[in-house]
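Trainee: Sharing a model prediction with you, sequence too.
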Amino acid sequence: MKPLNEITIAEARKLLDEGVATSKELTQACLTQIQSLDGALHAFLEVYADDALAAADQSDQRRTDGNVLSKLDGIPVAIKDNMLLQGKACTAGSKILQGHIAAYNSTAVRKLMEAGAVILGRTNMDEFAMGSSTEHSAYGPTKHPRDPERVPGGSSGGSAVAVAANMCLGALGSDTGGSIRQPASMCGIFGLKPTYGRVSRYGLMAMASSLDQIGPMTKCVEDAAIILDTIQGQDPSDQTTSDTEPFRISKLESRSSNDLKGLKIGLPKQAWQAGGIESRVLENTKAALAELEKAGAEMVEIDLPYADEALAVYYILMPCEVSANLARFDGMRYGLRKQGLPLFETYAQSRAEGFGDEVMRRILLGTFALSSGYIDAYYVCAKKVQALIRQAYERAFNEVDLIVTPTCPATAFRLGEKLNDPLAMYLEDVFTVSVNVAGVPAISMPCQEDGGMPVGLQLIGKWFDEATVLSAAKVLESELAKQ
Ligand code: GLN
């Protein structure tokens, strides 16, 4: 039998149900792994060892009493440091929020706790989720579990490493332009960005509110489905959540034994023929496409225009929203405050000291793009192109059921390699951002391993059709496992 921290949520559930393992044993196994590895990897900003063990005890008691709450009852998970957990520090990886204590629970985390999940701790991230490497954390970078000289991707790099290095059974990340999928791809795990509006953003520290979405990061497709099933749903505290029919895990289970006959998969030529994709990425993702085809899916080349424009649109809309959202950090209401200065100086000095370079760069960009005289040329124009990108997806989805691309153009890069070259860092997001701009769901899943760094394939679905995304991913996962 595998060590308890190395199994999936689905496997752990079985062991719990059969009485072979307890939540306390699962939790202890994860805590031991954190203790032995996290000094080197720095996936966690804080570990709640005592609370986690107490929650595990309560879960075991519920099981003894026959009151199991859900499929997640007793399962140890980690959360990204931008989701509020009442009474605990929450910093969004920023110095400006050092020591900030959450006054209430975010909806997603509350739903996990109500399902009985055990929260192990909060994970490292790029400051306010801005970045693709987790190097922009004010608390130091997270390292790739296979090569500590490399980055794990970002901004949810802490959650990705916590899962990939078996320090937890699953984790939550947030994705504004790829921050769940890109680190999942680089670390060889599964990362799902749900449809915009599927999961409540209440209590998630806002980066770009019209694009942000919380989602699962896991070791298999089924685990992603279990977490999505738990955290999804309309929330009166988030007006952008949808009353669309929830994702039903049973849909996945009933379709899992079928192959992919009848499924039409679109391969956008703008993605697959793009220059600059690393050869290892191309080889491995193409091998995965062959498996999808073997499983019966019909592959068609499609036109998905505005692929290049999507990156530009994202890097206008996102900083505009960032500049507005981060205006609340003024040294008065939250976190760091420079003392003894006149009012304006207090604002300016608190922000200057509290924010890192990347965050300031984006606030400046956004403030500029929204300023009178420029708003039409930048923000309004980007909103128009966003509508065109949505239409391009709509047209594509009239023809196909899924769209598939590589998740990232390259595998994990070296620490420091792109830190001083923001544009190179932004190019990491070329295949992921249009998904947020359009609001559709997408998963990144690991392809065949070639002994080196992991490679991810991205499966993009129609609005609120996570069921098809996850079903296809599950079939591909089992085909790849046979090799
Ligand atoms: N890498 C992207 C950025 O820096 C995505 C961030 C995210 O999804 N939170 O904006």
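Mentor: Happy to help now that I have it.
Trainee: Pull up the residues of the chain that are close to the ligand.
Mentor: 129-132, 155, 175-179, 207, 318, 429 (CB under 6 Å from any ligand atom). In short, each C-beta sits where N, CA and C put it, glycine included.
Trainee: show me what contacts the most centrally placed residue in the chain?
Mentor: For the chain, residue 180 is the residue whose C-alpha lies nearest the centre (CA atoms, centre = their mean; 2.1 Å). Residues in contact with residue 180, defined by CB atoms under 8 Å, 6 or more residues apart in numbering, are 156, 173-174, 191-193, 215, 217, 444.
Trainee: Could you point out the helix or strand that follows the lowest-mean-pLDDT helix or strand in the chain?
Mentor: The helix or strand of the chain with the poorest confidence is helix 249-255; it has a mean of 71 (mean pLDDT, DSSP states H and E). Scanning forward in sequence from helix 249-255, with DSSP states H and E defining helices and strands, the next element found is strand 264-268.
Trainee: Which of the helices or strands spans residue 39?
Mentor: Secondary structure (DSSP H and E) places residue 39 in helix 23-41.
Trainee: same question, residue 171
Mentor: strand 170-175.
Trainee: Could you do residue 474 as well?
Mentor: In this structure, residue 474 sits in helix 466-481 according to DSSP H and E.
Trainee: what about the stretch 1-150 of the chain, any weak spots by pLDDT?
Mentor: The stretch 1-150 of the chain contains no residues with pLDDT under 70.
Trainee: Residue of it nearest the ligand, please.
Mentor: When you check the stretch 1-150 of the chain against the ligand by CB to the nearest ligand atom, the closest residue turns out to be residue 129, at 3.5 Å.
Trainee: For that residue, give me its contacts.
Mentor: Residues near residue 129 by CB under 8 Å, 6+ apart: 82, 92-93, 155-156, 174, 176, 179, 205, 207, 212.
Trainee: Relative to residue 228, how far out is the closest residue to residue 181 other than its chain neighbours?
Mentor: Of all residues beyond its chain neighbours, the one nearest residue 181 is residue 444 (3.8 Å), with distances taken as CB to CB, 6 or more residues apart in numbering. Residue 444 sits 14 Å away from residue 228 when distances are taken as CB to CB, to the nearest Å.
Trainee: neighbour count winner among those two?
Mentor: Neighbours were tallied for residue 444 and for residue 228 using other CB atoms under 10 Å; the higher tally belongs to residue 444 (34 against 24).
Trainee: Tally up the residues packed near the residue lying closest to residue 297 once chain neighbours are set aside, please.
Mentor: Of all residues beyond its chain neighbours, the one nearest residue 297 is residue 260 (4.0 Å), with distances taken as CB to CB, 6+ apart. Residues within reach of residue 260, counting by other CB under 10 Å, total 23.
Trainee: Check residue 316 too.
Mentor: By the other CB under 10 Å criterion, the neighbourhood of residue 316 contains 22 residues.
Trainee: Correct me if wrong, but it is in a strand.
Mentor: No - the secondary structure assignment for residue 316 gives helix rather than a strand, going by DSSP: H, G, I helix; E, B strand; the rest coil.
Trainee: residue in the stretch 251-400 of the chain nearest to the ligand?
Mentor: The stretch 251-400 of the chain approaches the ligand most closely through residue 318 (5.8 Å), counting by CB to the nearest ligand atom.
Trainee: ok, now which ones touch that residue?
Mentor: 176-177, 207-208, 211, 362, 366.
Trainee: Narrow those to those in helices?
Mentor: 362, 366 (DSSP state H).
Trainee: Out of the contacts of residue 318, who's the most crowded?
Mentor: If you rank the contacts of residue 318 by neighbour count (other CB under 10 Å), residue 177 sits at the top with 30 neighbours.
Trainee: Correct me if wrong: that one contacts residue 436.
Mentor: Yes - taking CB atoms under 8 Å as the contact criterion, residue 177 and residue 436 are neighbours in contact, 5.3 Å apart.
Trainee: for the stretch 51-200 of the chain, what spans make up the strands?
Mentor: Along the stretch 51-200 of the chain, the segments classed as strands by DSSP state E, counting those that start in this stretch run 76-80, 118-123, 170-175, 190-193.
Trainee: possible to save those strands as a markdown table with mean neighbour count?
Mentor: Shown next, in a markdown table, are those (neighbours: other CB atoms under 10 Å):
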| stretch | mean neighbour count |
| --- | --- |
| strand 76-80 | 31 |
| strand 118-123 | 28 |
| strand 170-175 | 30 |
| strand 190-193 | 33 |
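Trainee: Would you mind putting the ones you listed into TSV with distance to residue 465 alongside?
Mentor: Supplementary listing: the strands of the stretch 51-200 of the chain in TSV, determined by distance: least, CB to CB, whole Å:
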stretch	distance to residue 465
strand 76-80	25
strand 118-123	29
strand 170-175	17
strand 190-193	12
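Trainee: Tell me the most packed of the contacts of residue 129, by neighbour count.
Mentor: Scoring the contacts of residue 129 on neighbours with other CB under 10 Å, the highest-scoring entry is residue 156 at 38 neighbours.
Trainee: Stretch 409-424: which residues count as buried?
Mentor: Of all the residues in stretch 409-424, those buried under the rule 16 or more other CB atoms under 10 Å are 409-413, 415, 417-419.
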